[in-house]
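[1] below are the sequence and a predicted model for it; my questions follow.
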Amino acid sequence: MLETTHLKCVRGNRTIFRDVSFAVRPGDCFRLTGPNGSGKTSLLRMLCGLLAPASGSIRWHGASIESLGEEYFSAITYLGHRPGIKDELTALENLRVWCGLSGIELSHHTAASALERIGLGERMNLPARFLSEGERRRAAIARVLVRQSPLWLLDEVLTSLDRTAVEAFQSLIEDHLEGGGMAIVATHQDLQLSAGRSQRIELAA
Amino acid sequence: MVMLRWLVWREVVLAWRRKSDVLSMLAFFAIIASLFPLGMDPDTRLLRTIASGVLWVSALLASLLGLGRLFAGDYADGTLEQMLITPQPLLLIVAGKIFAQWLVTGIPLMLISPLLALQFGLPSDGVRMIAVSLLVGIPVLNLVGAVGASLTLGIRGGGAIVALIVLPLCVPVLVFGAGGNVPLVGAVLALTMVFAPWAAAAGLKISVE
């Protein structure tokens, strides 16, 4: 489980948020809301270990995430604001390279079936620069399918997805929560989850 | 090992599908190195004396041009963030990227350098000497360049600043290399191989935050 205590975020001279404490247990889905600039992305980046909190601590199963290092990174999948899709590579290559960089050899077959599930079946062999914004988003989402990590950190992933893709993604999150997974989702849109426990973290402006 | 294989594969494929980056760097190298014999008195003795220095400075400037592709693209599209949080040692990822950079930019530079050396009317011994010193020296340029590139990520006008950081740091290897002192270039290479990936990894962490 993931536990944060009194997290404080300072960017430049501005305190973005302070005293953010919560605990995420297996089966929990936290929806992170707040106006623009309230620090949703910063909080998610902190939970990834990309940004050090100004004060407070983040613990994974009782140990601080800095001390866990790579062990913690293998437990999370982070889908950021910028999807990290290379224009020159196809969706299939993007997915296989991403897994490869995590040290996992992903077979052509497994990667293809994950992309089919996410609705990119016909276009997985096109260079990503020919894909629409929503399709690039889907190509990034396929990562959570191929790497079974317990904690998903998702930053505005529903942006530019059509309705069927949003529904498909919600059912992915439901399956994940039912299997004892955890998710923290920053989004302005509503999440209608029929499984797991939905909670909310509201960041003030 | 899986990670390094995929990383190198990725960098090579990306370079191949966007050939203009590497080709413009090679063209730059060829043009700079050719301007000197054209712009100077066609005195064979003078050309022979300056050949090594001109080729070294040209290679240094060209390798600077290739630095833009090392981290900046991955930083802009979010891939670098993903690399920082993979369950793999960051040091290894950075070392792999520098190795791939050497593979796609350093080796082509080294391969065309004997051709360019011919313009200076050098005997085959002299050409060989320059090629060998660049063989050992170009990896140093890639390694030091990576440190500069990591520190200037996301900074406006990073291209000029990277030159200000990297060029002074390359002075020792330039002096030894242009002087044809290959063992000393090798010593600098050994030293930078130890420190540069580590410094570049630290630089990336700071830049991405």
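    Yes, it's here.

[2] number of residues surrounding whatever residue of chain A ends up closest to chain B?
    Distances from chain A to chain B, computed as CB to the nearest CB, single out A:Gly100 as the nearest residue at 2.6 Å. Heads up, the C-betas are built off the backbone N, CA and C, glycines and all. Residues near A:Gly100, counting by other CB atoms under 10 Å in any protein chain shown, number 22.

[3] repeat that for the one 4 residues further on.
    For A:Ile104, the number of neighbouring residues by other CB under 10 Å comes to 18.

[4] do I have it right that it meets A:Ser149?
    No. In this structure, A:Ile104 is not within contact of A:Ser149 by CB atoms under 8 Å, at 10.8 Å.

[5] hang on, the earlier thing: contacting residues for the residue of chain A closest to chain B?
    Taking CB atoms under 8 Å, 6 or more residues apart in numbering or on different chains, we find A:Gly100 in contact with A:106, B:2-3, B:5-7, B:9-10.

[6] what's the first helix or strand after the longest helix along chain A?
    Longest helix in chain A, counting residues (DSSP state H): helix A:163-178. Using DSSP states H and E, the helix or strand that directly follows helix A:163-178 along the chain is strand A:182-186.

[7] one step back: may I ask which of the contacts of A:Gly100 has the most neighbours?
    The member of the contacts of A:Gly100 surrounded by the most neighbours (other CB under 10 Å) is B:Arg10, with 25 neighbours in all.

[8] which element is that one on?
    In this structure, B:Arg10 is located in helix B:2-17 according to DSSP H and E.

[9] need the residues of chain B near chain A, please.
    Proximity of chain B to chain A (CB under 8 Å from any CB of the partner chain) is limited to residues B:2-3, B:5-7, B:9-10, B:13-14, B:17-18, B:76-79, B:81-89, B:93, B:208-209.

[10] now do 6 Å
    B:2-3, B:6, B:10, B:14, B:17-18, B:77-79, B:81-82, B:85-88, B:209 (CB under 6 Å from any CB of the partner chain).

[11] just the buried subset of these, written out for ChimeraX, thanks.
    Only the buried entries of the residues of chain B next to chain A go into this ChimeraX selection, using 16 or more other CB atoms under 10 Å in any protein chain shown:
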select /B:3,6,10,14,77,78,79,81,82,85,86,87,88
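
[12] which positions in chain A make contact with chain B?
    For chain A, the residues found near chain B under the criterion CB under 6 Å from any CB are A:48, A:51, A:70, A:73-74, A:78, A:80, A:82-84, A:88, A:97, A:100-103, A:105.

[13] report the angle between the helix or strand hosting the residue of chain A closest to chain B and helix B:2-17.
    For A:Gly100, the host element (DSSP H and E) is helix A:91-101. Relative orientation of helix A:91-101 with respect to helix B:2-17: 140 degrees, computed using axes from the mean of the first three to the mean of the last three CA atoms, to 10 degrees.

[14] centre of the chain to the helix or strand just after helix A:91-101, how far?
    Moving toward the C-terminus from helix A:91-101, the first helix or strand encountered (DSSP H and E) is helix A:108-117. Remark: helix A:108-117 is offset 19 Å from the chain centroid, using CA atoms, centre = their mean, to the nearest Å.

[15] residues near B:Ala200, how many?
    Neighbouring residues of B:Ala200 were enumerated by other CB under 10 Å; the total is 27.

[16] distance between the ends of stretch B:11-24?
    End-to-end span of stretch B:11-24 (CA to CA, to the nearest Å): 17 Å.

[17] what of stretch B:98-113?
    21 Å.

[18] equivalent analysis for stretch A:141-157, please.
    End-to-end distance for stretch A:141-157: 8 Å, by CA to CA.

[19] now do that stretch: everything it contacts.
    Contacting residues not belonging to stretch A:141-157 are listed as A:41, A:44, A:47-48, A:75-81, A:95, A:98-99, A:106, A:114-115, A:118, A:181-186 [CB atoms under 6 Å, 6 or more residues apart in numbering or on different chains].
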